[in-house]
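Novice: sequence and computational prediction follow.
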Amino acid sequence: QVTLVESGGGLVQAGGSLRLSCATSGRTFELYVMGWFRQVPGKEREFVSAITWSGDRPSYADSVKGRFTISRDNAKNTVYLQMNSLKPEDTAVYYCAAGGGRVWNVRVGGLYNYWGQGTQVTVSS
């Protein structure tokens, strides 16, 4: 079992920055990839970014490319999402997800095994 705990959400003005953290615990040695997704009420969950535990091949949604950066600290078993130049349309609940080797497409949420509780990000205009 793996537990994920997100933190770092909040309210920020457009153009501002936030850094989300996802702390993992448990059988983390099983994990191959960590992802961030977001969801707005009434809409489908949306892929934001993902990174393997080796740190290579970070992936980003086109909507956040150039503004968001994903990184990981293996010693702390934590993954981060640095969000800069935030826009009102970035407002959502952000979820951290973790998966093993069956995640052949990091953009597909259904392939991930574990999810955090979510953290609210609100960007005011």
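Specialist: Now that the structure is in, tell me what you want to look at.

Novice: geometric centre of the chain: which residue is closest?
Specialist: Trp36 (2.0 Å; Cα atoms, centre = their mean).

Novice: any idea which element it lies in?
Specialist: Using DSSP states H and E, Trp36 sits in strand 33-39.

Novice: give me the contacts around that strand.
Specialist: 20, 22, 24, 45-53, 70, 72, 79, 81, 90, 92-99, 103, 106, 109, 112, 118, 121 (Cβ atoms under 8 Å, 6 or more residues apart in numbering). C-betas here are computed from N, CA, C, even on glycine.

Novice: what's the local residue count around the residue nearest to Gln39 when sequence neighbours are not counted?
Specialist: Excluding its sequence neighbours, the residue lying closest to Gln39 (Cβ to Cβ, 6 or more residues apart in numbering) is Arg45, at 4.5 Å. Arg45 is flanked by 16 other residues according to other Cβ atoms under 10 Å.

Novice: then Pro41?
Specialist: Number of residues near Pro41 (other Cβ under 10 Å) recorded here: 6.

Novice: mind telling me what element it is part of?
Specialist: Using DSSP H and E, Pro41 sits within no helix or strand.

Novice: residue contacts, it?
Specialist: Pro41 neighbours (Cβ under 8 Å, 6+ apart): none.

Novice: roughly how far apart are it and Gly66?
Specialist: 27 Å (Cβ to Cβ, to the nearest Å).

Novice: where do the strands sit along this structure?
Specialist: 2-7, 10-13, 18-26, 33-39, 46-52, 59-60, 68-73, 78-83, 92-99, 114-115, 119-124 (DSSP state E).

Novice: next, the buried residues of the longest one.
Specialist: Applying a neighbour-count criterion of 16 or more other Cβ atoms under 10 Å, the buried positions in strand 18-26 are Leu18, Leu20, Ser21, Cys22, Ala23, Thr24.

Novice: just the fourth one next, same as before
Specialist: Taking 16+ other Cβ under 10 Å as the basis for neighbour counts, the residues of strand 33-39 that come out buried are Val33, Met34, Gly35, Trp36, Phe37, Arg38.
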